[in-house]
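1. Any chance you can model this:
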Amino acid sequence: MQTSTKAKDMKPAPYTFNPEILREYDIRGQIGKNLSDADAYALGCAYGTYVRRKMGGNRICLGYDGRASSEGLQKAMTQGLMDVGIDVTRIGLGPTPMLYFAVKDRGTEAGLMITGSHNPADYNGFKMALQSGPVYGDAVQEIGKLAAVGDFESGTGSVTDVDIQDQYVDRLMRDTKLVAGKEIKIAWDCGNGAAGEIVRRLTKKLPGTHILMFDEIDGTFPNHHPDPTVDANLVDLIKVVKEQKCDLGLAFDGDADRVGAVDEKGEVLRCDNLITIYARDVLKRHPGATIIGDVKCSQVMYDEIEKMGGKPLMWKTGHSLIKAKMYELKAPLAGELSGHIFFGDGWYGFDDGIYCSVRLIDAVIESGGTVSALTENLPHIVNTPEIRFEVDEATKFASVAKVVASVKAQAASDTSITVNDIDGARVKTPDGWWLLRASNTQNVLVTRAEAQDEEGLERLKTMVKNEVAKIGYDVVFEQSNH
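-> Sure, this is the predicted structure:
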């Protein structure tokens, strides 16, 4: 079913966004503080103008998540888009990857998703995508400048409401190897995020037994915070997997473009391990292909991809940066530790936690064994969680540059040390490696270390602490992961 209406022809006024909300990968802020319906309207005008000039067309798909502020933002956004001559296809409430799917499937020039992702309930924001790839970095600033000077296109657009949920689910199912009669028991933790309705529809079509948790879409997130990369948010899922003797547990962030997983023992599967599992399957069809990971991923993942005949490529952290590199190299698989995983093999190259779930279920059933067996032959390592500590926003990149210079000086006199500075400092020693980089979205530095044993890990942590002390900060490491 679809409905359509026309907009009035009017000239929007210039508008200046709070610079805090113009982020590296999207536009995101706090409702009532620095984000409002007025921002949504202005962004509709500016982004619509950007798309018309960049893509030479005027069709944009628009979706929104389950937050209380999202529908109001959608209404204002729709008006802004139409007031600069955009024909808007509204797909309604759902996950971000469903919006990306709509753009690809319907062939529109661009898409806009209203979502606060995994941020607290009073946050919201906008993720932007073109048919040709992500919108991020300088493009976000360019869109902000268009609004500030009121340099908008003119025209009269339209709005059409379309329900594509079943279409999206059918596409998720189309290439799966799952067949009726295959016994598998799965717990799905939707975290009260935007994945809920899609997971309900999907699991009705999948074979096996499915336990749905927190699948009611509720933007207040009453059960736990929707970020599956934080172990504390997986406690409920782990409990259900163990008590119900499930084969697998799956979890999503607030807009379901990221995935988390636990095995039948209730052990968390890190996303670099998931990428390794996926690479085994992908490289069968794409021998010698490039597989991309971010600087936070385990060395084990890169080594295993190489052993399988693939070409591992380490790239900068950031889902838009990884996605853009994937498009550039036409890589069949890419991902980062945060749970953004991208399939070019069999999919469209965008990050989709629900599609990643289907591919993981496929891998488990095809192996004929358990989920834990998929990683049992990987080398044993120990590592720290991702540690984030606050720093001065104005000097965070300069601080990391000082660390890069310091470790490069050490590497010049010690050939056992190597430094990769593609995104901060990733320092490799005989013990393993450690990373220090600046967040693109917050006033924090991020560090992580990985070694073959606890003694080596302690030496790496000491090295990190010493380097961080040189730039005037202190870092406290939590208990290591095994």
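
2. quick one: the helices in the stretch 151-300 of the chain?
-> Taking DSSP state H, counting those that start in this stretch as the test, the helices found in the stretch 151-300 of the chain are 165-174, 196-205, 235-243, 271-285, 299-307.

3. wait, which of those is closest to residue 211?
-> Nearest to residue 211, of all the helices of the stretch 151-300 of the chain, is helix 235-243, at 6.2 Å by C-beta to C-beta. (Glycine included, C-beta is placed from N, CA and C.)

4. Run through the stretch 351-482 of the chain and note the low-pLDDT ranges.
-> 479-482 (pLDDT under 70).

5. Now with 90, please.
-> Across the stretch 351-482 of the chain, the ranges flagged by pLDDT under 90 are 368, 385-386, 393, 440-443, 478-482.

6. What is the end-to-end distance of stretch 280-299?
-> Taking C-alpha to C-alpha, to the nearest Å, the first and last residues of stretch 280-299 lie 16 Å apart.

7. Report the buried residues of that stretch.
-> 280-283, 286, 289-299 (16 or more other C-beta atoms under 10 Å).

8. Ok, stretch 247-258 next?
-> 247-258.

9. These in strands, which ones?
-> Counting by DSSP state E, those place 248-252 in strands.

10. JSON lines for the buried residues of stretch 247-258, including distance to residue 432 and pLDDT?
-> JSON lines is the format used below for the buried residues of stretch 247-258 (distance: C-beta to C-beta, whole Å; pLDDT from 0 to 100):
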{"residue": "247", "distance to residue 432": "32", "pLDDT": "97"}
{"residue": "248", "distance to residue 432": "29", "pLDDT": "98"}
{"residue": "249", "distance to residue 432": "29", "pLDDT": "98"}
{"residue": "250", "distance to residue 432": "30", "pLDDT": "98"}
{"residue": "251", "distance to residue 432": "28", "pLDDT": "98"}
{"residue": "252", "distance to residue 432": "31", "pLDDT": "98"}
{"residue": "253", "distance to residue 432": "29", "pLDDT": "97"}
{"residue": "254", "distance to residue 432": "33", "pLDDT": "96"}
{"residue": "255", "distance to residue 432": "34", "pLDDT": "97"}
{"residue": "256", "distance to residue 432": "33", "pLDDT": "97"}
{"residue": "257", "distance to residue 432": "30", "pLDDT": "97"}
{"residue": "258", "distance to residue 432": "26", "pLDDT": "96"}
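
11. out of the residues you listed, who's nearest residue 223?
-> Nearest to residue 223, judged by C-beta to C-beta, of the buried residues of stretch 247-258 is residue 251 at 11.5 Å.

12. show me what contacts that closest one?
-> Residue 251 sits next to 188-191, 228, 233-234, 237, 259-262 when contact means C-beta atoms under 8 Å, 6 or more residues apart in numbering.

13. So the spatially closest residue to residue 178 that is not a sequence neighbour versus residue 437, what's the distance?
-> Excluding its sequence neighbours, the residue lying closest to residue 178 (C-beta to C-beta, 6 or more residues apart in numbering) is residue 207, at 5.6 Å. Using C-beta to C-beta, to the nearest Å, one obtains 42 Å as the distance from residue 207 to residue 437.

14. The two - which one has more neighbours?
-> residue 437 (26 against 16; other C-beta atoms under 10 Å).

15. Wasn't that one part of a strand?
-> Yes: with DSSP: H, G, I helix; E, B strand; the rest coil as the criterion, residue 437 is part of a strand.

16. In contact with it, which residues?
-> Residue 437 touches 295, 317, 400, 423-425, 445-447, counting by C-beta under 8 Å, 6+ apart.

17. Just the ones of the residues you listed in strands?
-> Using DSSP E, the contacts of residue 437 in strands are 425, 445-447.

18. closest to residue 53 among the residues you listed?
-> Of all those, residue 53 sits closest to residue 446, with 35.6 Å by C-beta to C-beta.

19. how deep is the closest one tucked in, by neighbour count?
-> Applying other C-beta under 10 Å, we find 20 residues neighbouring residue 446.

20. With distance to residue 37 added, can I get the buried residues of stretch 247-258 in TSV?
-> Shown next, in TSV, are these (distance: C-beta to C-beta, whole Å):
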residue	distance to residue 37
247	45
248	41
249	38
250	35
251	32
252	27
253	25
254	20
255	20
256	25
257	24
258	27
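
21. so what's residue 261 bridging to?
-> Beta-bridge pairing for residue 261 (DSSP bridges): residue 250, residue 269.

22. Please tell me how far it sits from residue 78.
-> 36 Å.

23. and if you look at residue 437?
-> 38 Å.

24. do the same with residue 185
-> Applying C-beta to C-beta to residue 185 and residue 78 gives a distance of 42 Å.

25. if we can go back for a sec, relative to residue 137, which of the ones in strands among the contacts of residue 437 is nearest.
-> Nearest member of the ones in strands among the contacts of residue 437 to residue 137, counting by C-beta to C-beta, is residue 446, at 18.5 Å.
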